[in-house]
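K.L.:
need a structure here:
(one chain, ligands or ions: 1)
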Amino acid sequence: MPATLQAPTPAHLLQPYKSLSNAELISRIQAVREQFGPKLLILGHHYQQDEVIALADLRGDSYGLSQTAADSTECRFIVFCGVHFMAETADILANRPEKLAERGGERIPVVLPDLAAGCSMADMAGIHQIEDAWDQLGEVIDTEDLTPVTYINSAASLKAFVGKHGGIVCTSSNAKAALEWSFARTSRVMFFPDQHLGRNTALGMGIALDEMPLWDPHADALGGSTEEQLRRSKVILWKGHCSVHQMFRPEHVQMLRDKHPGIKILVHPECPREVFELADEAGSTSKIISVVEKSPPGSKWAIGTELHLVNRLKQEHPEQEIHFLSPVVCMCATMYRIDLAHLCWTLENLAAGTPVNVIEVDPETARWSLVALQRMLEVK
Ligand code: SF4
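P.N.:
Got it, this is the predicted structure:
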């Protein structure tokens, strides 16, 4: 089973909550929030549904939320309304050695309201697949001259692998800086799990497509590449993608441009190259939000990222014309698993002193992940 994919909450535990109205759930959630006060932080990722975001103490992207919660001196409980790898990152940062020492050894439990809220992209790169690829590459190229780079959207085990092998974690904001950091050390990079972020970033740095072989973990040998392709490579891309951003197509860009003359296209770099290259602007969720916030009234945008975020931008900026860059629904189905019933169930268990769905990264994995995350901070 992929690292982040776990069984959903048993129905008999959730049923009493599923039968409540939203108003009842909200009132019970608010009661727990009042009981804990600033000791409890509910984190809401930008892609989360509106009812959940309305109850979050902080709204943001995965790293920003984890870092802010870890830096809070009052926080003693974190409930992460996001997906599994985000809760892992929050646990690594909030319970790192210096933070534990500051709290006299007290751990902060990090709760994921539904354990089945994984990430399809993170699940496309299992640690055993990465280790196997590294071993196979070692038979063709010098892996001492290869830096592994993992996108933050990956399991903690991959971040630890990267930490141990002299590599770095990147976000969608600093992927270019992370690649530059890597090329200052070695002549090659292996980038996982998102092929699109890796390819879009490397192309922008002048690396040619034929220097970026795609490693397919399901291929019979050498990830489906030839020895010659691997020897010529500068960036070896992992064959993974985000199932949400992969849905945006070049024809959607054309359709929006034909229908709304003057519209500008704003996309996330997890989108395929064919879409990324047609866009007027591209960037992380934080950049997408900031571009819209800074745009004058009357601006017209077609945005290629998760549906809940685009709809929220639309509601919050009625002075602008904002469209979703696809005729089909592209939403993060796993993130959507987190609803008021799951949130209420986990919060009431926390309040009762019987925490459920606590995500705890083992100490060795946490230690090496932290090494790779700290390198990421150095190149911000
Ligand atoms: S939007 Fe894509 S990358 Fe983000 S959590 Fe969902 S599946 Fe994973």
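K.L.:
From here on, just use CA atoms for contacts and neighbour counts.
P.N.:
OK.
K.L.:
what about the stretch 251-380 of the chain, any weak spots by pLDDT?
P.N.:
The model of the stretch 251-380 of the chain has pLDDT under 70 over residues 380.
K.L.:
now residue 48, what's its secondary structure?
P.N.:
When classified by DSSP: H, G, I helix; E, B strand; the rest coil, residue 48 comes out as coil.
K.L.:
Looks to me like residue 336 is in a strand.
P.N.:
No: Residue 336 sits outside any strand when classified using three-state DSSP, being helix.
K.L.:
didn't it look like it was pressed against residue 49?
P.N.:
Yes: with contact defined as Cα atoms under 8 Å, residue 336 counts as touching residue 49 (6.5 Å).
K.L.:
Which of the two has more residues huddled nearby?
P.N.:
Between residue 336 and residue 49, counted using other Cα atoms under 10 Å, residue 49 has the larger neighbour count: 24 against 18.
K.L.:
pretty sure the more buried one contacts residue 333?
P.N.:
No: with contact defined as Cα under 8 Å, residue 49 does not reach residue 333; the gap is 10.5 Å.
K.L.:
Which pLDDT value does the model give residue 4?
P.N.:
Predicted confidence (pLDDT) at residue 4: the value is 52.
K.L.:
how long is stretch 257-267 from one end to the other?
P.N.:
Counting by Cα to Cα, to the nearest Å, you get 14 Å between the two ends of stretch 257-267.
K.L.:
mind listing the strands for the chain?
P.N.:
40-45, 58-60, 77-81, 110-111, 146-151, 168-170, 188-192, 214-215, 235-238, 264-267, 281-282, 300-304, 321-324 (DSSP state E).
K.L.:
Just the helices from the stretch 51-200 of the chain, written as ranges.
P.N.:
62-71, 84-94, 97-102, 127-138, 156-164, 175-183, 195-204 (DSSP state H, counting those that start in this stretch).
K.L.:
chain center to the fifth one: distance?
P.N.:
In other words, helix 156-164. 16 Å (Cα atoms, centre = their mean, to the nearest Å).
K.L.:
ok, back up a step: can I get the strands of the chain in TSV including distance to residue 229 and mean neighbour count?
P.N.:
TSV is the format used below for the strands of the chain (distance: least, Cα to Cα, whole Å; neighbours: other Cα atoms under 10 Å):
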stretch	distance to residue 229	mean neighbour count
strand 40-45	39	25
strand 58-60	40	19
strand 77-81	42	26
strand 110-111	43	28
strand 146-151	15	27
strand 168-170	24	30
strand 188-192	13	27
strand 214-215	10	24
strand 235-238	10	26
strand 264-267	30	24
strand 281-282	29	19
strand 300-304	32	25
strand 321-324	38	20
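K.L.:
Could I get those in JSON lines, plus columns for distance to residue 254?
P.N.:
As requested, the strands of the chain are exported to JSON lines (distance: least, Cα to Cα, whole Å):
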{"stretch": "strand 40-45", "distance to residue 254": "30"}
{"stretch": "strand 58-60", "distance to residue 254": "30"}
{"stretch": "strand 77-81", "distance to residue 254": "35"}
{"stretch": "strand 110-111", "distance to residue 254": "42"}
{"stretch": "strand 146-151", "distance to residue 254": "30"}
{"stretch": "strand 168-170", "distance to residue 254": "31"}
{"stretch": "strand 188-192", "distance to residue 254": "30"}
{"stretch": "strand 214-215", "distance to residue 254": "28"}
{"stretch": "strand 235-238", "distance to residue 254": "28"}
{"stretch": "strand 264-267", "distance to residue 254": "10"}
{"stretch": "strand 281-282", "distance to residue 254": "15"}
{"stretch": "strand 300-304", "distance to residue 254": "11"}
{"stretch": "strand 321-324", "distance to residue 254": "13"}
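K.L.:
and residue 92, which of those is closest to it?
P.N.:
Among the strands of the chain, strand 110-111 comes nearest to residue 92, with 9.7 Å by Cα to Cα.
K.L.:
pLDDT of the closest one, averaged?
P.N.:
Mean predicted confidence for strand 110-111 is 98.
K.L.:
Check which helices and strands that strand is in contact with.
P.N.:
strand 77-81, helix 84-94 (3 or more Cα pairs under 8 Å, 6 or more residues apart in numbering; DSSP states H and E).
K.L.:
Residues of the stretch 1-150 of the chain that sit close to the ligand?
P.N.:
119, 120, 121 (Cα under 6 Å from any ligand atom).
K.L.:
gap between stretch 57-70 and the chain center?
P.N.:
12 Å.
K.L.:
Stretch 336-345 and the ligand, any residue contact?
P.N.:
No: Stretch 336-345 lies out of reach of the ligand by Cα under 6 Å from any ligand atom, never closer than 9.0 Å.
K.L.:
which residues sit against that stretch?
P.N.:
14, 17-18, 22, 25-26, 28-29, 48-49, 51-52, 81-82, 113-114, 116-117 (Cα atoms under 8 Å, 6 or more residues apart in numbering).
K.L.:
Find the nearest non-adjacent residue to the residue nearest the centre of the chain, please.
P.N.:
In the chain, the residue lying closest to the centroid (Cα atoms, centre = their mean) is residue 153, at 3.7 Å. Counting by Cα to Cα, 6 or more residues apart in numbering, residue 122 is the residue found nearest to residue 153 once chain neighbours are left out, at 5.9 Å.
K.L.:
mind listing what the one you found touches?
P.N.:
Taking Cα under 8 Å, 6+ apart as the test, what residue 122 contacts is 4, 85, 153, 154, 155, 193.
K.L.:
pLDDT score assigned to the nearest residue to the fourth one once chain neighbours are set aside?
P.N.:
Read that as residue 154. In this structure, residue 154 finds its nearest non-sequential neighbour in residue 122, 4.4 Å apart by Cα to Cα, 6+ apart. According to the prediction, residue 122 has pLDDT 97.
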